[in-house]
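Participant: Let me see the structure of the following:
(2 chains)
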Amino acid sequence: MSEYKLELVDISKSYGKKVIFENINLKIKKGEFFVILGPSGTGKSTLLKAITGTVPPDSGKIILDGNDITDTPINRRDIAMMFQSYALYPNMSAYDNIAFPLRMHHIDKKEIDRRVRSTAKMLKINDIIDFNVTKISGGQKQRVALARAIVRHPAIFLLDEPLSNLDARIRYTTREELKNIQRMLKQTFIHVTHDQSEARVLADRVAVLNEGKLEQVGTFDEIYNYPVNTWVGDFVGTFPMNFLQEARNKTRQIGFRPEWTRITKKGGINAKVLSVENISNTAFLFCSVPGSAKPVVITSRRQYSVGDKINFRISRFNVYEKGRLVRKTGTAAKKARHPLHKTR
Amino acid sequence: MAKKKLRGYLIYIAVIILSIIFLYPLFILFMLAFVPAQYTIYSAYPSLYPKGLTLQYFEEALKINLVGPLIKSLEVAFMVGAMALAIGIPAAYGLSKLKPNLAAGISTLFFLTNMMPSITIAIPMAVEFLKFGLYDTSISLALAQELVVLPLSIFILLGAFQALPKDLEAQARVDGAGLFRTIYMILTPLAKAGVVATFLIAWMMSWDEFTFAIFLSPIHPTLPIIIYENITRGNILATSAFAIVVTIPVIILAVVLAKYLRGEYLAGGLNG
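Facilitator: Here you go, the predicted structure:
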């Protein structure tokens, strides 16, 4: 047995000339909550469908529990998937929807009943279990779809934007629940989303996908603190990472997060406040800085108003050469500050 | 407000006019069947409303041998309907996997047999069925009628399958259903409106099909053949009454199946 639950080896998919994703290599550990994060339309969903086999990849291998399943028929793969649309069978009750995969696997009737009811109870949908799925609310549909995935005890769970069709309020509580369920089941989940707050809260590890290419794989903190290139730095984070040209070397940039700055009375960098956004106790100041076309975002505990002139220092930063990370500085990498530190 | 009301009335007027166009021939049939002949076909200026009523032609009509042809017609119609689904569903499913333009092209090709006069196909077919010993059987007639019915059936079913969300099929496959169970347990029930419409149309096309019936099954004929035979014998009035009797099963079937012919439930279950 392999130590990985799922391995994707060099898988690629294109429709005619349009490349959906290319040479994806991923190793997902057992019991891991793995989040694939990327902007809309970058092949995330297609990647999941490739794992299920509903959209077979053009090349590459898919290895589940050490077995090559690339050519296994869809219905023989031990995979549960939850679609963004939930894809509930509209001609059936919630109960029959949840029981469907078990019936397909020829499980004993009493056992089906026991498992459907206990799963429904766990997800608190036991009172709507006999309703037709067209008659229940969006949140309940989402739970029925989740129950249908859980009830099978599959080798791996694939979730395609499972929270995106929910109202904001339900989304936060469901997100917590999803994480708890995964902890309780101790199963491997792959969760696709464009919402980085989901990645931050849920993921043990995150893969950032952009235009069919894997940009970076790691914990959310790693990706947040040390984005491997300027695109990832820009995409991840409530506010994009700030990038400033280095004075001596035109191909180099320094990248820093808003909270890696400190406002000083004098010295440092001169800036002018363009706008202010308050999030809980912190003010995020959008500042114009000489030599930078884009506004730089910095944090402040004190309030400033638009037009104020301030000075700030950067306490921690990464160095990018031609858009790629070449040196980390800051708390985690302080010791390795002087020699040019290679990260990949 | 007044405008809205006016539009409502106009719609009703349009519906009434259309209904009259469709129902007028049926009305004439009823006139012939239940009004004494001197007010209808024997009068120089037939009246448009019943001037008198009679059950005489109806009694005559019931003397025509009904049972044998009725059973034959029912047998053939149900066979044609069943075959239209048994062959049409897999065909339409397969076509729905192709690009819509290509699928439309291929399903149009199926209509080639319909473009030729049935009579040119019926004669060689009669010869072949004679060789196989299937001449004058229900199954041979059903097979022949299927030629005309199937292209239309595939056409309707294709539309129904193409309208189904792709995610549902993928979900069923991932949940462990094989291809056949996916088609028969998930897709076909969801395409119910199309399936019922197909069955109904196939059934009705067979019910009043004439050309194949007269060539392939003249000894034990179907109901349309009986109507034809009686009209050629000059028995128009009794035949009109008989035709009404023949229409009743179609009306019953249409009424029973009408509630499935709505498509609104299709959108449910998807989207939050």
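Participant: from here on, contacts and neighbour counts on C-alpha atoms
Facilitator: Will do.
Participant: Name the residue of the stretch 151-300 of chain A that lies nearest to chain B.
Facilitator: Chain B sits closest to A:N165 of the stretch 151-300 of chain A, with a gap of 5.7 Å, by Cα to the nearest Cα.
Participant: just for chain B, where's the confidence low?
Facilitator: For chain B, the stretches with pLDDT under 70 are B:1, B:261-272.
Participant: Pop the domain breakdown of it in here.
Facilitator: B:2-54, B:65-263 (automatic domain parsing).
Participant: Serialize the ones you listed to CSV and add fields for distance to chain A and mean neighbour count.
Facilitator: What follows is those, written out as CSV (distance: least, Cα to the nearest Cα, whole Å; neighbours: other Cα atoms under 10 Å in any protein chain shown):
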stretch, distance to chain A, mean neighbour count
domain B:2-54, 31, 13
domain B:65-263, 4, 19
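Participant: And the ones you listed: which comes nearest A:H194?
Facilitator: Ranking those by proximity to A:H194 (Cα to Cα) places domain B:65-263 first, at 19.6 Å.
Participant: The residue in the stretch 101-250 of chain A positioned nearest to chain B and A:Q245, how far apart?
Facilitator: In the stretch 101-250 of chain A, the residue that lies nearest chain B is A:G138 (4.2 Å; Cα to the nearest Cα). Distance, A:G138 to A:Q245, by Cα to Cα, to the nearest Å: 48 Å.
Participant: Could you check which of these two is surrounded by more residues?
Facilitator: Neighbours around A:G138 and A:Q245, counted as other Cα atoms under 10 Å in any protein chain shown, are more numerous at A:G138. The numbers are 20 against 16.
Participant: wait, isn't the more buried one in contact with A:I170?
Facilitator: No - distance between A:G138 and A:I170: 9.9 Å, which falls outside the contact criterion (Cα atoms under 8 Å).
Participant: So which residues on chain A come close to chain B?
Facilitator: A:52, A:54, A:74-77, A:79-83, A:85-91, A:100-101, A:104-105, A:133-134, A:137-139, A:141-142, A:165-166 (Cα under 8 Å from any Cα of the partner chain).
Participant: taking the residues you listed one by one, which sit in strands?
Facilitator: A:79-82 (DSSP state E).
Participant: can you pick the most crowded of those residues?
Facilitator: Comparing those by number of neighbours (other Cα under 10 Å), A:M81 comes first, having 28 neighbours.
Participant: check contacts around that residue.
Facilitator: By Cα atoms under 8 Å, 6 or more residues apart in numbering or on different chains, the contact list for A:M81 reads A:52, A:149, A:157-160, B:171, B:174.
Participant: rerun that using 6 Å as the cut-off
Facilitator: A:157-159 (Cα atoms under 6 Å, 6 or more residues apart in numbering or on different chains).
Participant: That one bridge partners, please.
Facilitator: With DSSP bridges as the criterion, A:M81 is bridged to A:L158.
Participant: What is the longest helix of the chain by residue count?
Facilitator: I'll assume chain A. For chain A, the longest helix by residue count, based on DSSP state H, is helix A:168-185.
Participant: switch to chain B, that's the one I care about
Facilitator: helix B:2-34.
Participant: just how off-centre is the next helix-or-strand element following that helix within its chain?
Facilitator: Next helix or strand after helix B:2-34 toward the C-terminus (DSSP states H and E): helix B:56-63. With Cα atoms, centre = their mean, to the nearest Å as the basis, helix B:56-63 stands 27 Å off its chain's centre.
Participant: quick one: the helices in the stretch 101-250 of chain A?
Facilitator: Assigned helices in the stretch 101-250 of chain A, in chain order: A:109-122, A:138-150, A:168-185, A:196-202, A:220-225, A:230-235 (criterion: DSSP state H, counting those that start in this stretch).
Participant: With mean pLDDT as added columns, please give the ones you listed in a markdown table.
Facilitator: Listed next are those as a markdown table, based on pLDDT from 0 to 100:
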| stretch | mean pLDDT |
| --- | --- |
| helix A:109-122 | 93 |
| helix A:138-150 | 91 |
| helix A:168-185 | 88 |
| helix A:196-202 | 90 |
| helix A:220-225 | 93 |
| helix A:230-235 | 93 |
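Participant: Quickly compare those helices and say which is most buried.
Facilitator: Counting by mean count of other Cα atoms under 10 Å in any protein chain shown, helix A:138-150 has the highest mean neighbour count of the helices of the stretch 101-250 of chain A, with a mean of 24.
Participant: tell me which strands and helices it is in contact with?
Facilitator: On a contact count with 3 or more Cα pairs under 6 Å, 6 or more residues apart in numbering or on different chains; DSSP states H and E, helix A:138-150 meets no helix or strand.
Participant: Please list all residues in contact with the residue lying farthest from the centre of chain A.
Facilitator: If you look at how far each residue of chain A sits from its centre, by Cα atoms, centre = their mean, the farthest one is A:K266, at 40.2 Å. With contact set as Cα under 6 Å, 6+ apart, A:K266 has these partners: A:N311.
Participant: In which helix or strand does it reside?
Facilitator: Per DSSP H and E, there is no helix or strand for A:K266.
Participant: nearest to A:F189, of the domains of chain B?
Facilitator: Of all the domains of chain B, domain B:65-263 sits nearest to A:F189, with 15.6 Å by Cα to Cα.
Participant: Please tell me how far the closest one is from the chain's geometric centre.
Facilitator: Put simply, domain B:65-263 sits 7 Å off its chain's centre (Cα atoms, centre = their mean).
Participant: Does anything pack onto the longest helix of chain B? Which helices or strands?
Facilitator: helix B:236-258.
Participant: Who are the packing partners of the helix it packs on?
Facilitator: Checked by 3+ Cα pairs under 6 Å, 6+ apart, helix B:236-258 has helix B:2-34, helix B:56-63 packed alongside it.
Participant: Could I get the buried residue list for the shortest one?
Facilitator: Looking back up the chat, that one is helix B:56-63. Of the residues in helix B:56-63, B:57-58, B:61 count as buried by neighbour count, 16 or more other Cα atoms under 10 Å in any protein chain shown.
Participant: you'd agree B:P151 is up against B:L109?
Facilitator: No - counting by Cα atoms under 6 Å, B:P151 sits too far from B:L109 to count as a contact (8.6 Å).
Participant: For chain B, see how far away A:I69 is.
Facilitator: For A:I69, the distance to chain B equals 13 Å [Cα to the nearest Cα, to the nearest Å].
Participant: OK, contacts around the most centrally placed residue in chain B?
Facilitator: In chain B, the residue lying closest to the centroid (Cα atoms, centre = their mean) is B:M204, at 2.2 Å. Not one residue lies near B:M204 by Cα under 6 Å, 6+ apart.
Participant: what about A:M241, how many neighbours?
Facilitator: Counted with other Cα under 10 Å, the neighbours of A:M241 add up to 25.
Participant: distance of it from A:G38?
Facilitator: The spacing between A:M241 and A:G38, counted by Cα to Cα, is 16 Å.
Participant: same thing with B:M31?
Facilitator: Distance, B:M31 to A:G38, using Cα to Cα: 73 Å.
Participant: and if you look at A:K44?
Facilitator: A:K44 sits 7 Å away from A:G38, going by Cα to Cα.
Participant: so where's the stretch 151-300 of chain A uncertain?
Facilitator: Of all residues in the stretch 151-300 of chain A, none has pLDDT under 70.
Participant: change it to 80
Facilitator: The stretch 151-300 of chain A contains residues with pLDDT under 80 at A:246-250, A:267, A:291.
Participant: Same question for the stretch 1-150 of chain A.
Facilitator: In the stretch 1-150 of chain A (pLDDT under 80), the answer is A:1-2.
Participant: Show me how the record splits chain A into domains.
Facilitator: Split into domains by automatic domain parsing, chain A comes to A:4-225, A:241-336.
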